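Asker: A predicted structure for the sequence below; I have some questions about it.
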Amino acid sequence: MARALYIHWPFCLAKCPYCDFNSHVRDGVDASLWRDDLLADMRHEAALADGQPLESVFFGGGTPSLMPPALVGALLEEAEKLWGFAQGTEITLEANPSSVEAGNFKALAAAGINRTSLGLQALDDETLNFLGRLHSANEGVAALQVAQEAFARVSFDLIYARPGQSEKGWRSELETALAFGTSHISLYQLTIEPGTRFATLVRQGKFAPLDDDQAADLFSLTREIAEAQGLPAYEISNHARPDEESLHNLTYWRYQDYVGIGPGAHGRRNGSATARHRKPENWLNAIVAQGHGIAEERLLSSSEQASEALLMGLRLEEGVDVSALSTRFEIPPERLIDATRLDFYARQGLCRKEGPRVIVTEAGMPLLDALLGELVPAELVAA
């Protein structure tokens with residue numbers, strides 16, 4: 001039952017050197033054409049829907065704050081007609097904190113956006129320049145203030161574990177960020193993704209990523225400071241006050257169905273995974289040729305769904321209910337989690353069992369990727 005809608009806007013003013021998202025720089029965008037084609041992609045998915053109202057809508061990118069507010073409003077109006085909105089539907093739009101985009105915040109709120117996720121990324125100009133961001137630190141803080149006035153709920157992103165970053169420096173920056181008073185914050189370690197400009201620079205020896213042990217220390221410090229300020233981690237990189245978690249992202253992490261439209265968007269519905277054409281021009285051509293932008297749609301096996309549900313769910317502070325997954329995917333619990341390894345790592349304090357739930361502990365979270373490889377049986381992942 002798909003209760004979440006993701007809309008991908010693929011355009012940016014510039015490509016950040018750390019970014020491996022499906023984002024593109026174009027000289028011009030025909031908003032009318034994109035409105036018509038996004039609506040067509042949306043209607044294709046709605047025709048397959050089960051009648052459940054949407055609990056969340058998320059505009060991601062790219063840079064959705066570059067979208068004309070009238071286009072955002074038209075998409076939300078159609079989504080409500082096609083699916084209906086549940087009471088209190090969370091409607092999020094990712095935004096960059098340039099003064100031009102901040103000038104659209106009130107119009108975007110009037111179009112129906114009630115939550116924004118702001119890409120601050122850092123609070124000093126030197127780091128912002130290193131990260132390839134187009135806004136200054138002052139511009140970012142000013143945009144955050146405008147966002148807090150315009151939207152009911154505001155989150156923002158910061159990137160840490162940057163080259164040469166010290167615990168003292170990160171503590172100061174994070175405490176300043178938390179003092180802004182938002183109810184949600186996403187704190188991501190800098191990762192060097194293949195195919196990015198940063199990957200090339202590292203390979204050329206232009207800079208070196210932060211040492212793994214130092215990054216782990218910053219991770220622990222991050223969780224300690226955020227929790228002390230009333231924003232505990234509910235997912236490995238996301239922190240929120242109680243009842244302010246991102247409903248849309250919880251849909252992903254709890255392995256519930258969602259619809260994804262627009263270039264490169266992924267979706268999961270009725271046991272099938274969908275993937276749209278990534279290149280904007282190819283997606284537009286697909287809309288003309290077939291009435292939707294799907295490049296691939298395939299049925300997922302029960303084992304594949306179960307392994308994905310485990311890999312996503314163990315990122316959460318709440319962990320996963322193995323008994324519920326066993327019932328849902330008709331797979332015995334002993335095939336879902338390696339009991340011997342679970343007991344071993346529980347004795348190490350890296351995970352624990354609470355009734356039917358398996359939970360990665362505070363000590364285990366910095367080692368999450370390795371733990372997932374140990375706890376989720378290889379034969380389940382490979383099935």
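Answerer: Here it is on my side, so go on. Just so we're clear, the structure is a prediction, and the values are computed from it rather than from any experiment.
Asker: the residue lying closest to L314 once chain neighbours are set aside: neighbour count?
Answerer: With sequence-adjacent residues excluded and distances taken as C-beta to C-beta, 6 or more residues apart in numbering, L314 is closest to V360, at 5.4 Å. Using the backbone N, CA and C atoms, a C-beta is placed for each residue, glycine as well. Residues contacting V360 under the criterion other C-beta atoms under 10 Å number 25.
Asker: shouldn't V360 be in contact with L311?
Answerer: No: with contact defined as C-beta atoms under 8 Å, V360 does not count as touching L311 (11.5 Å).
Asker: any figure for the gap between the residue nearest to L314 and C19?
Answerer: 27 Å (C-beta to C-beta, to the nearest Å).
Asker: now L231
Answerer: For L231, the distance to C19 equals 25 Å [C-beta to C-beta].
Asker: tell me which of those two has more neighbours.
Answerer: Between L231 and C19, counted using other C-beta under 10 Å, the more crowded position is L231 (22 against 17).
Asker: for the more buried one, give me its contacts.
Answerer: Residues in contact with L231 (C-beta atoms under 8 Å, 6 or more residues apart in numbering) are 178, 183-185, 239-241.
Asker: could you redo the last one with a cut-off of 6 Å?
Answerer: Applying C-beta atoms under 6 Å, 6 or more residues apart in numbering, we find L231 in contact with 239-241.
Asker: of these - the most surrounded one?
Answerer: Among those, the one with the most neighbours (other C-beta under 10 Å) is H239, at 26 neighbours.
Asker: which strands and helices sit next to the helix or strand that one falls within?
Answerer: If you go by DSSP states H and E, H239 is part of strand 238-240. In terms of contacts (3 or more C-beta pairs under 6 Å, 6 or more residues apart in numbering; DSSP states H and E), strand 238-240 is packed against strand 184-189.
Asker: the strand holding H239: partners in the sheet, and parallel or antiparallel?
Answerer: Here strand 238-240 has these sheet partners by DSSP bridges: strand 184-189 (antiparallel), strand 233-235 (antiparallel).
Asker: what residues does the last one touch?
Answerer: By C-beta under 6 Å, 6+ apart, the residues outside strand 233-235 that reach it are 223, 239-240, 245, 315-317.
Asker: circling back: closest one to P97 among the strands paired with strand 238-240?
Answerer: Closest approach to P97 among these (C-beta to C-beta): strand 184-189, 14.2 Å.
Asker: next structured bit after that closest one?
Answerer: Next along from strand 184-189, by DSSP H and E: helix 197-203.
Asker: give the buried residues for that next one.
Answerer: F198 (16 or more other C-beta atoms under 10 Å).
Asker: helices or strands up against the helix or strand just after that helix?
Answerer: Next in sequence after helix 197-203, counting helices and strands by DSSP H and E, comes helix 212-228. With contacts taken as 3+ C-beta pairs under 6 Å, 6+ apart, helix 212-228 sits against helix 167-178.
Asker: centre of the chain to the helix it packs on, how far?
Answerer: 23 Å (C-alpha atoms, centre = their mean, to the nearest Å).
Asker: again, but for stretch 117-131
Answerer: Relative to its chain's centre, stretch 117-131 lies at 18 Å (C-alpha atoms, centre = their mean).
Asker: how about it: buried residues?
Answerer: For stretch 117-131, the neighbour count (16+ other C-beta under 10 Å) marks 117-123, 127-128, 130-131 as buried.
Asker: most widely separated two among those residues?
Answerer: The largest separation in those, counting by C-beta to C-beta, is between S117 and F130 at 21.7 Å.
Asker: sorry, back to before: distance check, the residue nearest to L314 against E126.
Answerer: Counting by C-beta to C-beta, the gap from V360 to E126 is 35 Å.
Asker: what of E362?
Answerer: The spacing between E362 and E126, counted by C-beta to C-beta, is 32 Å.
Asker: what does stretch 253-270 contact?
Answerer: By C-beta under 6 Å, 6+ apart, the list of residues contacting stretch 253-270 reads 1-2, 4-8, 10, 22, 41-42, 45, 251, 274-276, 278, 280, 283, 309, 312, 315-316.
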